[in-house]
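Chemist: Here is the input, now give the coordinates:
(chains A, B, C and D)
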2 protein chains.
Amino acid sequence: MPLLSLQYENRLLSKLSEEDISLLGPIRRVELAPHNLLERAHRPLDYVYFIERGFASVLSEAAADSSIEVGLIGPEGMTGLAVVHGVETTPFSTFVQSGGAAFRVEAERLRAAQAQSPHLQGLLMRYARAFAIQVSSTASANGTLLLEQRLARWLLMVADRAGDSFQVTHEFLAAMLSVRRPGVTRALQDLESRGLIRAMRGMVAIADRQGLVAYTKGAYGLAEEEYRALINDYPQR
Amino acid sequence: MPLLSLQYENRLLSKLSEEDISLLGPIRRVELAPHNLLERAHRPLDYVYFIERGFASVLSEAAADSSIEVGLIGPEGMTGLAVVHGVETTPFSTFVQSGGAAFRVEAERLRAAQAQSPHLQGLLMRYARAFAIQVSSTASANGTLLLEQRLARWLLMVADRAGDSFQVTHEFLAAMLSVRRPGVTRALQDLESRGLIRAMRGMVAIADRQGLVAYTKGAYGLAEEEYRALINDYPQR
DNA sequence: GAACTACTGTGCAGAACCGCACATAAACCG
DNA sequence: CGGTTTATGTGCGGTTCTGCACAGTAGTTC
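Modeler: Here you go, the predicted structure:
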């Protein structure tokens, strides 16, 4: 009999035993439609989502008018880290960027499960750490990189979660990076002229992954390496 | 008999009972000299530090040549959150910016104490959350603010940890914000001309705290509010 | 296939910041 | 107290990005 856990595309759930999964209670598979809000800033979190397909963005609206993405979550992770830390609310919003599916778990249930299973607790702690490192890298990238490099990093991060070609508009990219839309157009043209990507209407495809990585001059890779060390190397059970 | 915990200026330690403190084992008070490295990137963490006076910076050196500060830790917190998450290393360096003192706890001991005391565990989880929010705010600030506003935010964060006037050079500020040094000179002049600070050789003093806060247009305040909600409101024990 | 609605491309003046270079000034040291 | 070090102030050309404005083009709808 195959392990139930192999049914999960989510990298976190796939690390859990049937027992741990059952601790999560009635976990329901839900469809994620683009623009779905999975968390609203300052509202209590009722559910966390272990993403199976698609991805979501964590958005900071700190500075009055200008919002910006601070984190990206796909099948490698989960939304609702506040719950993992035992907290009821978060100051950020999380919304679905690219539709897909997820397993939804009640916040209370997750908390109880953490208390019961050290293995689950350990895994979630490590993911929280991995995500914190991703956000730190974003802080670093936002402070030190040019737009083209920030864009390259973003495209790579999305490719990791949604495959090498995906739908996205310049407008949307501009919102995530908090830059002007025409700036994105130019930056994409530049990346394309270097043969690193192919840009079509409403869509971008990675053409030369290695080249893109090199182009970010180290801004992409560290967080991803840490994720591997933290999660992939965590014992299956 | 007064509570032992009242002896601690560190906001986290001051929330702990004598029992919880004793779980931390031989905690040693150490002096923090400027430029002391409390954590080295990719090296195992042997100790965590609960800061009593002074403050430390978490530095990302992701992008090859350019390093940048991603987090600030003073008497409100602790270094070594990797340990709290059950991880042995961190990809960042943490160094003392402003000398002072701290209580040093063995990493192993902290881990064991977390397992034994739900109260301690809860507190550290909440601090980890507060710090993550701080880093997210930095990501947001780095992506959306002008230098002067980033500077204003940084000065406020330091003032919270080291008092309203503190020593710092333009060179140093430039390194933290990852900008040119003359840019800092100009930005400080601008803040001073608005009557928000007073800048002297090797030193800055906050003159109009409220004005400074207003000047950051919301970039300062959110993380601090969250800290209060997470830590100050956590039950004493 | 015409009208409409995204989405993408382009241009231009100006602000913000960089890179480099150098001038001034305060503190320190012998 | 004169020399050295450290810190701050200034200038200038160039690049990146903004803000604003508008043109083109691909899809969609009826």
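
Chemist: who touches the spatially closest residue to residue A:46 that is not a sequence neighbour in this structure?
Modeler: Nearest-residue entry for residue A:46: residue A:107, 5.7 Å, with adjacent residues in sequence omitted and distances by CB to CB, 6 or more residues apart in numbering or on different chains. (C-beta placed from N, C-alpha, C; glycine too.) Residue A:107 makes contacts with A:45-48, A:80, A:83, A:88, as judged by CB atoms under 8 Å, 6 or more residues apart in numbering or on different chains.

Chemist: switch the cut-off to 10 Å
Modeler: With contact set as CB atoms under 10 Å, 6 or more residues apart in numbering or on different chains, residue A:107 has these partners: A:44-48, A:80, A:82-84, A:87-88.

Chemist: For it, give me phi and psi.
Modeler: phi -60, psi -50 (degrees, to the nearest 10).

Chemist: mind listing what's buried in the helix or strand harbouring residue A:101?
Modeler: Element membership for residue A:101, per DSSP states H and E: strand A:93-106. By 16 or more other CB atoms under 10 Å in any protein chain shown, the buried positions in strand A:93-106 come out as A:93-98, A:100-106.

Chemist: I'd like the mean pLDDT over it, please.
Modeler: Mean per-residue pLDDT for strand A:93-106: 94.

Chemist: Then stretch A:172-185?
Modeler: 96.

Chemist: Distance of the residue nearest to residue A:46 relative to residue A:74?
Modeler: Residue A:107 is 21 Å from residue A:74, where distance means CB to CB, to the nearest Å.

Chemist: ditto for residue A:172
Modeler: Counting by CB to CB, the gap from residue A:172 to residue A:74 is 16 Å.

Chemist: try residue A:11
Modeler: For residue A:11, the distance to residue A:74 - CB to CB - is 9 Å.

Chemist: Can you pull the residues that touch both of the two?
Modeler: residue A:51.

Chemist: could you pull out the strands for chain A?
Modeler: Assigned by DSSP state E, the strands in chain A fall at A:28-32, A:37-39, A:47-60, A:68-73, A:93-106, A:165-167, A:197-200, A:203-206.

Chemist: Helices of chain A, start to end?
Modeler: Assigned by DSSP state H, chain A shows helices spanning A:18-23, A:81-84, A:107-116, A:118-144, A:147-162, A:170-177, A:181-193, A:209-215, A:222-227.

Chemist: The fifth one vs DNA strand C: in contact?
Modeler: Spelled out, it's helix A:147-162. No. Using CB under 7 Å from any atom of the strand, helix A:147-162 never reaches DNA strand C; the gap is at least 12.5 Å.

Chemist: Would you point out which residue is most central in chain A?
Modeler: residue A:73 (1.4 Å; CA atoms, centre = their mean).

Chemist: any low-confidence regions in chain A?
Modeler: For chain A, the stretches with pLDDT under 70 are A:1-6, A:63-64.

Chemist: 50 instead, please
Modeler: A:1-5 (pLDDT under 50).

Chemist: Distance check, the residue nearest to residue A:46 against chain B.
Modeler: 14 Å (CB to the nearest CB, to the nearest Å).

Chemist: okay, the helices of chain A in CSV with distance to residue B:198 next?
Modeler: Below are the helices of chain A laid out as CSV (distance: least, CB to CB, whole Å):
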stretch, distance to residue B:198
helix A:18-23, 57
helix A:81-84, 39
helix A:107-116, 48
helix A:118-144, 26
helix A:147-162, 36
helix A:170-177, 36
helix A:181-193, 37
helix A:209-215, 43
helix A:222-227, 39
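
Chemist: what does chain A have sitting close to DNA strand D?
Modeler: Residues of chain A lying near DNA strand D (CB under 7 Å from any atom of the strand): A:146-148, A:178-180, A:182-183, A:187, A:201.

Chemist: In JSON lines, list these along with distance to chain B.
Modeler: Formatted as JSON lines, the residues of chain A next to DNA strand D follow (distance: CB to the nearest CB, whole Å):
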{"residue": "A:146", "distance to chain B": "11"}
{"residue": "A:147", "distance to chain B": "11"}
{"residue": "A:148", "distance to chain B": "13"}
{"residue": "A:178", "distance to chain B": "5"}
{"residue": "A:179", "distance to chain B": "8"}
{"residue": "A:180", "distance to chain B": "12"}
{"residue": "A:182", "distance to chain B": "18"}
{"residue": "A:183", "distance to chain B": "13"}
{"residue": "A:187", "distance to chain B": "15"}
{"residue": "A:201", "distance to chain B": "27"}
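
Chemist: out of these, who's nearest residue A:36?
Modeler: Checking the residues of chain A next to DNA strand D against residue A:36 with CB to CB, the nearest one is residue A:178 at 21.7 Å.

Chemist: how many other residues sit next to the closest residue in space to that closest one that isn't next to it in sequence?
Modeler: Excluding its sequence neighbours, the residue lying closest to residue A:178 (CB to CB, 6+ apart) is residue A:68, at 3.9 Å. For residue A:68, the neighbour count with other CB atoms under 10 Å in any protein chain shown is 24.

Chemist: same deal with residue A:233?
Modeler: By other CB under 10 Å, the residues close to residue A:233 number 8.

Chemist: can you pull the contacts of it?
Modeler: Here residue A:233 is in contact with residue A:126 (CB under 10 Å, 6+ apart).

Chemist: Could I get the phi/psi values of it?
Modeler: Residue torsions, per degrees, to the nearest 10, at residue A:233 are phi -90, psi 0.

Chemist: swap in residue A:168?
Modeler: Given degrees, to the nearest 10, the pair of backbone angles that residue A:168 has is phi -170, psi 140.

Chemist: could you check the distance from it over to residue A:155?
Modeler: 9 Å.

Chemist: next one: residue A:172
Modeler: With CB to CB as the criterion, residue A:172 and residue A:155 are 12 Å apart.

Chemist: and what of residue A:58?
Modeler: Residue A:58 is 18 Å from residue A:155, by CB to CB.

Chemist: Could you do residue A:137 as well?
Modeler: Residue A:137 is 15 Å from residue A:155, by CB to CB.

Chemist: and if you look at residue A:197?
Modeler: Distance from residue A:197 to residue A:155, by CB to CB: 7 Å.

Chemist: shared neighbours, these two?
Modeler: A:164, A:188, A:191, A:204-206, A:209, A:212.

Chemist: Pick the one among these closest to chain B.
Modeler: residue A:212 (14.9 Å; CB to the nearest CB).

Chemist: tally of neighbours for that closest one?
Modeler: 22.

Chemist: Next: residue A:86.
Modeler: 19.

Chemist: Near DNA strand C, which residues of chain A? Just list them.
Modeler: So far as CB under 7 Å from any atom of the strand goes, chain A lies against DNA strand C at A:169-171, A:181-182, A:185-186, A:188-189, A:199, A:201-203.
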